[in-house]
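Visitor: Just a sequence and a predicted model for now, questions to come.
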Amino acid sequence: NPQEAERDAQVRQQVLKHLEQKLKTGGIKSLISNSAYRKFLSVSNGAVQIDKNRINEEARFDGKYVLRTNTTLPASE
């Protein structure tokens, strides 16, 4: 869905913009507890930074609905 893909990209850019601002001001604990921010963060040796690989992974699913399951049935069934 092209419209949904565009919307997803815009939402992600807004979240990243807010995340960058909040990283500059501190309050890392609140960033990690926020699920919208947490999926774009990586923590190593106590340092928190934006993970570009996770951003690219999220972008792959723009405009798509992903359904995960634990079934052993083939996709055609």
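Guide: Yes, it's here.

Visitor: Show me what the least confident helix or strand in the chain by mean pLDDT is packed up against.
Guide: Lowest by mean pLDDT, DSSP states H and E among the helices and strands of the chain is helix 28-33, with a mean of 79. Packing partners of helix 28-33 (3 or more Cβ pairs under 8 Å, 6 or more residues apart in numbering; DSSP states H and E): helix 2-25, helix 35-38, strand 41-44, strand 47-50. C-beta here means a position set from N, CA and C on the backbone, and glycine is covered the same way.

Visitor: Using JSON lines, lay out those together with distance to E58, mean pLDDT and mean neighbour count.
Guide: Formatted as JSON lines, those follow (distance: least, Cβ to Cβ, whole Å; pLDDT from 0 to 100; neighbours: other Cβ atoms under 10 Å):
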{"stretch": "helix 2-25", "distance to E58": "6", "mean pLDDT": "90", "mean neighbour count": "12"}
{"stretch": "helix 35-38", "distance to E58": "11", "mean pLDDT": "84", "mean neighbour count": "13"}
{"stretch": "strand 41-44", "distance to E58": "12", "mean pLDDT": "85", "mean neighbour count": "12"}
{"stretch": "strand 47-50", "distance to E58": "12", "mean pLDDT": "84", "mean neighbour count": "12"}
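
Visitor: between those, which one is nearest to N56?
Guide: N56 sits nearest to helix 2-25 of all the helices and strands packed on helix 28-33, at 10.7 Å, using Cβ to Cβ.

Visitor: helices or strands up against that closest one?
Guide: If you count contacts as 3+ Cβ pairs under 8 Å, 6+ apart, helix 2-25 packs onto helix 28-33, helix 35-38, strand 47-50, helix 52-59.

Visitor: tell me how far the second one is from the chain's mean position?
Guide: Going by Cα atoms, centre = their mean, to the nearest Å, the spacing between the C-alpha centre of helix 35-38 and its chain's C-alpha centre is 7 Å.

Visitor: circling back to that earlier point, which parts of the least confident helix or strand of the chain are buried?
Guide: By neighbour count on 16 or more other Cβ atoms under 10 Å, the buried set for helix 28-33 is L31.
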